[in-house]
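Asker: using only what follows, build the 3D model:
(chains A and B)
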There are 2 protein chains.
Amino acid sequence: MAGKSQADIEEGLAFTPKFGVDGLITAVVTDAKSGDVLMVGHMNEEALRKTIASGEAWYYSRSRKALWKKGETSGHVQRVRELRVDCDQDALWLKVEQQGAGACHTGRRSCFYRVVPLGKSGAALEFRDAEKHFDPAKVYK
Amino acid sequence: MAGKSQADIEEGLAFTPKFGVDGLITAVVTDAKSGDVLMVGHMNEEALRKTIASGEAWYYSRSRKALWKKGETSGHVQRVRELRVDCDQDALWLKVEQQGAGACHTGRRSCFYRVVPLGKSGAALEFRDAEKHFDPAKVYK
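Answerer: All right, here's what the predicted structure looks like:
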């Protein structure tokens, strides 16, 4: 970001994504139809380049320390309908057409299938929209 | 997370948010009505506790290294309608009722007001939904 002023970053037309010290940028993924948040992923420079070039979502797995194409194993590919960047260019928003049964490796459509109750600390989570649409044991080997 | 199995974390009802090495957890914020992503914020343990207790969004500013209540200066408070946690409990999703003109410090409703064109690398960003709804110079001192 050397030489880039705050005004350049926020009001300019140059795409200068700001990767963290770990080399990653946060990517929020929503369903292009329902608007629901499906997942939060992370991209390194290569994953972002492949996503832009192919129009399909690639990420970097922090646990596996590897580049991966979403749906590579499961077939649940994400076609990117729109990609946006935020004001300070350190977060991305992908509106996707989710192929197959779901985005979450647990078998759900979205990774966000539990609600944290408000107003009381330490309360139990509540399942919401938590139906499993595929059997992870069958899809992942 | 000591003693917590992957099954506990993913299928359990205990809320055990996983903060990063920087002590922060990513929070995706959407407009409860439109479903649009308004911003991506970060919470430390205290910000999360205050958000759950008050039903209004608190964050931790990485640049200012300080806890802050959204809307403290601008009046653009976020009333949390629903709080969700993802499968591995390292990301949060807040559906909020955004008070005032917008969530972004640049004066826009959302921080995601620019599109990254797909299919061509190095293309210029395109403004989208980029109307300014308030004057930052007036709102922030």
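Asker: C-alpha from now on. contacts and neighbour counts both.
Answerer: Fine.
Asker: quick one: is the lowest-mean-pLDDT helix or strand in chain A near chain B?
Answerer: In chain A, the helix or strand scored least confidently by mean pLDDT, DSSP states H and E is helix A:136-139, which has a mean of 91. No. Using Cα under 8 Å from any Cα of the partner chain as the criterion, no contacts between helix A:136-139 and chain B are found, and the smallest distance is 13.0 Å.
Asker: and that helix, how far out from the chain middle?
Answerer: Average the C-alpha atoms of helix A:136-139, do the same for its chain, and the two points are 21 Å apart (Cα atoms, centre = their mean, to the nearest Å).
Asker: pull out the buried positions in it.
Answerer: Neighbour-count burial for helix A:136-139, with 16 or more other Cα atoms under 10 Å in any protein chain shown as criterion, is recorded at no position.
Asker: for A:L83, which non-adjacent residue is closest in space?
Answerer: Using Cα to Cα, 6 or more residues apart in numbering or on different chains and skipping residues adjacent in sequence, the residue nearest A:L83 is A:L94, 4.7 Å away.
Asker: just how off-centre is the helix or strand harbouring the one you found within its chain?
Answerer: In this structure, A:L94 sits in strand A:91-98 according to DSSP states H and E. In terms of Cα atoms, centre = their mean, the centre of strand A:91-98 is set 6 Å apart from its chain centre.
Asker: what's the helix ranked longest in chain A in contact with?
Answerer: Across chain A, the longest stretch assigned as helix under DSSP state H is helix A:45-54. Here helix A:45-54 makes contact (Cα atoms under 8 Å, 6 or more residues apart in numbering or on different chains) with A:19, A:23-24, A:56-60, A:67-68, B:117-121.
Asker: beyond the helix or strand hosting A:E10, next helix or strand please.
Answerer: Assigned by DSSP H and E, A:E10 falls within helix A:6-11. Downstream of helix A:6-11, the first helix or strand assigned by DSSP H and E is strand A:25-31.
Asker: what's the next helix or strand after that following strand packed up against?
Answerer: Going down the chain from strand A:25-31, the next helix or strand is strand A:37-43, by DSSP H and E. Counting contacts by 3 or more Cα pairs under 8 Å, 6 or more residues apart in numbering or on different chains; DSSP states H and E, strand A:37-43 packs against strand A:25-31, strand A:58-61.
Asker: wait, does the longest one make contact with chain B?
Answerer: Which is strand A:25-31. Yes. For a cut-off given as Cα under 8 Å from any Cα, strand A:25-31 has contacts with chain B, namely A:V28.
Asker: mean confidence score for that strand?
Answerer: Across strand A:25-31, the average pLDDT comes to 98.
Asker: which residues sit against it?
Answerer: A:17-19, A:36-44, A:90-98, B:28.
Asker: parallel or antiparallel, list what pairs with that strand.
Answerer: Sheet neighbours of strand A:25-31, with direction, are listed as strand A:37-43 (antiparallel), strand A:91-98 (parallel) (DSSP bridges).
Asker: report the angle between that strand and helix A:45-54.
Answerer: Inter-element angle recorded for strand A:25-31 and helix A:45-54: 40 degrees (by axes from the mean of the first three to the mean of the last three Cα atoms, to 10 degrees).
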